[in-house]
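# Let's see this in three dimensions:
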Amino acid sequence: MIRILVLALCLILPAGGAFASTLAVTIDGVRSNHGQVMVALFSRSKGFPDGDYADRWAKVPASTGPVTVVFDHLRPGEYAVGAYHDENGNGKLDTNFIGWPEEGYALSNGIRLTVFRPRFIDSAFTLQGKEEGVALHMGY
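Numbering: from 1, shown residues only. Next up is the predicted model:
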């Protein structure tokens, strides 16, 4: 009975190194200290880049200097990051009548909006090491 319990726990609990990665996201180009910067981390394409579908997200005060957000205890794998400058502090990315952002935004790999919605595969990068970083540049 004890062997079965130990085996079950080994299968349920993650291995010590399975969540050993840390990702530091550094964002520059924020044009003002007003509002906040919202950062979302995605590990799958479903819903990307809508923050409601993010695996994790963070909200930090806006700053014209570099803004850094750290995501800990990540599994190695494919990820994409999106951020926007909620300059008016209303908690959402404001868009115009056709859906184009009216506030600054940034996606990993420097992906910008075109006629089509940004795709996870274009913004994705591989997280392999214990500590890695990605840089985003806020565009308006």
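
# How about the contacts made by the residue nearest the centre of the chain?
When CA atoms, centre = their mean is applied to the chain, the residue found nearest the centroid is Leu41 (2.4 Å). Leu41 is in contact with 23, 25, 54-57, 71, 74, 79-81, counting by CB atoms under 8 Å, 6 or more residues apart in numbering. Every residue, glycine included, has its C-beta placed from N, CA and C.

# With adjacent residues omitted, what lies nearest to it?
Among residues not flanking Leu41 along the chain, Arg56 sits closest, at 4.6 Å (CB to CB, 6 or more residues apart in numbering).

# Give me the mean pLDDT for the lengthiest strand in the chain.
Identified as the longest strand of the chain according to DSSP state E is strand 77-86. If you average the pLDDT over strand 77-86, you get 98.

# Buried ones in that strand, by neighbour count?
For strand 77-86, burial by neighbour count (16 or more other CB atoms under 10 Å) applies to 79-86.
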